[in-house]
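S.K.: Below is the sequence, then the predicted model.
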Amino acid sequence: MGASVRFIVPPQLFEHVARTGPAADREIALDTLAIDHSIRTARVQNAALRAAQPKRLVAAHGGRGSPDRTIFDAEHRADAHATIVVRTEGQPAVADPSANQAYDGLGDTYRFYWEVLGRDSIDDAGLSLLGEVHFGANYDNAFWDGARMMFGDGDGRLFTGFTGAVDVIGHELTHGVTQDTLNLLYTGQSGALNESISDVFGSLVRQYKLDQTAEQADWLIGAGILGPALHGVALRSMKAPGTAYEGDNQPATMSGYLVTSADNGGVHTNSGIPNHAFYLVASALGGFAWERAGRIWYRVMSTRGVRPDAQFHTFALGTVNAAIALYGDASPETQAVTSAWMQVGVLMPGQVPAPAAVAT
Amino acid sequence: MTDSPEPDLLYIERSGGVGGLTLRASIPLVELTPEERVAVESSFDLPEHPPSGPDRFVYRLELGGREAVLQEDQVPPGLKPVLDRASGSWY
């Protein structure tokens, strides 16, 4: 792929339209891709075919297995995609620490998804990973915009930047994976599930990088990026929701579910409940959290086990079904999943599906 | 909405972002330029939009009992200086 093409029109935008857009737009996108490079069209078609099938959960063979990263400098602008390239795949470290952290974090996230889950980038088709550093002026945020990962520098008061936390990078790229799989609506409980899935896999990216077991991990999200005005240690705690900083109001159980109109229905608040459920599963099973708990959660995503408007209860049943499919209905894994959702008040006794009803 | 809205005070709330913080600020209307006051007034006529995307900010403006909810991508350019000013005094 020529670098000049990537800078003018990111090909993944065409790929996305080709896979998900209206029929007329798909035709245009596919035509463009065909003109651009015939092999790209084949890859889009292959990805669409794979998306229609349940995915394998063991490491795939024959994929690329290496990321394709480009880091841009937004120069504190926020009005359009940046065009200044500061580091591309395979280049040595540059003078800008933020660019290097973004490059490394994107690589850590790619490596996790590939080595642990057999997923080839966000779209499972080798999508290039594009990141922009120095996005906006004193911008207190990082986000995935559907095509690129944007990193603000923070205002120095609330946040000191976002590239230094690999779990935040994993969180953001996982929004892309969710968009490509479950496509959970970003409001209310489905939005909180969207957020929680990003926290779960963001945390697993960090744990995998640090080679930590569930017992060794701190289960914090965004440790080290808080500024002096926020008194605390991180953005969120999956182990003890509501304790990450002064004023943290995340609930750990349904008894603390927050009804609010802010933040699209409290998506970053109520995510504490499914976050804690995952922590409980991982802790009950012990060992590396990505090996069993992560695999169960990912199966719900890769098989599109719930609808975009899924509620906590539906997703909980989806993870139970995934555990049964992977490990059997009487397995310790399935028992751990069921118990965890009961502990956080999402499932009640008698709500666990019978094995005959399991959808694989 | 607050119980007794002050007609001369613009109330701004920012929620969302990857941090999920809900922050608030108040700006006296007399501190706004005429252009900024027009931008504030026009925001109350904007239709409510679906979320801009994961981890984007959501702004809520309140003035004299009226309320506007703006997704980050929906913020009109004329309103950005007002929101930037609020960012310096979040509580």
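M.R.: Everything's here; your move. Numbers count the residues shown, from 1 in each chain, chains lettered A, B, ... in the order given.
S.K.: list the contacts for the nearest residue to A:Y279 once chain neighbours are set aside?
M.R.: Closest residue in space to A:Y279, ignoring its immediate chain neighbours: A:M238 at 4.4 Å, by Cβ to Cβ, 6 or more residues apart in numbering or on different chains. Every C-beta, even on glycine, is put in place using the N, C-alpha and C of the backbone. If you count contacts by Cβ atoms under 8 Å, 6 or more residues apart in numbering or on different chains, A:M238 has them with A:199-200, A:203, A:219-221, A:272, A:275-276, A:278-279.
S.K.: Could you tell me which residues of chain A lie near chain B?
M.R.: With Cβ under 8 Å from any Cβ of the partner chain as the criterion, chain A meets chain B at residues A:137-138, A:140-146, A:155, A:158-159, A:162, A:168, A:171-172, A:175, A:178, A:186-187, A:191, A:194-195, A:198, A:222, A:230, A:235-236, A:261-264, A:267-269, A:271.
S.K.: check contacts around the residue in the stretch 151-300 of chain A positioned nearest to chain B.
M.R.: Among the residues of the stretch 151-300 of chain A, A:H268 lies nearest to chain B; the distance is 2.5 Å by Cβ to the nearest Cβ. Contact analysis of A:H268 by Cβ under 8 Å, 6+ apart lists A:192, A:195, A:236, A:250, B:16-20.
S.K.: could I get the residues you listed as JSON lines with secondary structure?
M.R.: Output for these, formatted as JSON lines (DSSP: H, G, I helix; E, B strand; the rest coil):
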{"residue": "A:A192", "secondary structure": "helix"}
{"residue": "A:E195", "secondary structure": "helix"}
{"residue": "A:R236", "secondary structure": "strand"}
{"residue": "A:Q250", "secondary structure": "coil"}
{"residue": "B:G16", "secondary structure": "strand"}
{"residue": "B:G17", "secondary structure": "coil"}
{"residue": "B:V18", "secondary structure": "coil"}
{"residue": "B:G19", "secondary structure": "coil"}
{"residue": "B:G20", "secondary structure": "coil"}
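S.K.: Just name the closest of the residues you listed to A:T338, please.
M.R.: Closest approach between those and A:T338, by Cβ to Cβ: A:A192, at 20.4 Å.
S.K.: Test my guess that the closest one contacts A:H276.
M.R.: No: in this structure, A:A192 is not within contact of A:H276 by Cβ atoms under 8 Å, at 12.0 Å.
S.K.: So for these two, which residue has more residues nearby?
M.R.: A:A192 (30 against 25; other Cβ atoms under 10 Å in any protein chain shown).
S.K.: Quick one: mean pLDDT over the helix or strand encompassing B:E67.
M.R.: When elements are defined using DSSP states H and E, B:E67 is found to belong to strand B:66-71. Within the predicted structure, the mean pLDDT of strand B:66-71 is 96.
S.K.: Buried residues in it, which are they?
M.R.: Of all the residues in strand B:66-71, those buried under the rule 16 or more other Cβ atoms under 10 Å in any protein chain shown are B:68-71.
S.K.: Now go through the residues of chain A next to chain B and say which are in strands.
M.R.: Applying DSSP state E to the residues of chain A next to chain B, the entries found in strands are A:142-144, A:236.
S.K.: out of the residues you listed, which is most surrounded?
M.R.: The most crowded member of those, judged by other Cβ under 10 Å, is A:R236 (34 neighbours).
S.K.: Can you give me every residue that contacts the closest residue to it other than its chain neighbours?
M.R.: Computed as Cβ to Cβ, 6+ apart, the closest residue to A:R236 that is not its neighbour in sequence is A:I221, at 4.3 Å. In this structure, A:I221 makes contact with A:165, A:167-168, A:171, A:199, A:202-203, A:234-238, A:244, judged by Cβ under 8 Å, 6+ apart.
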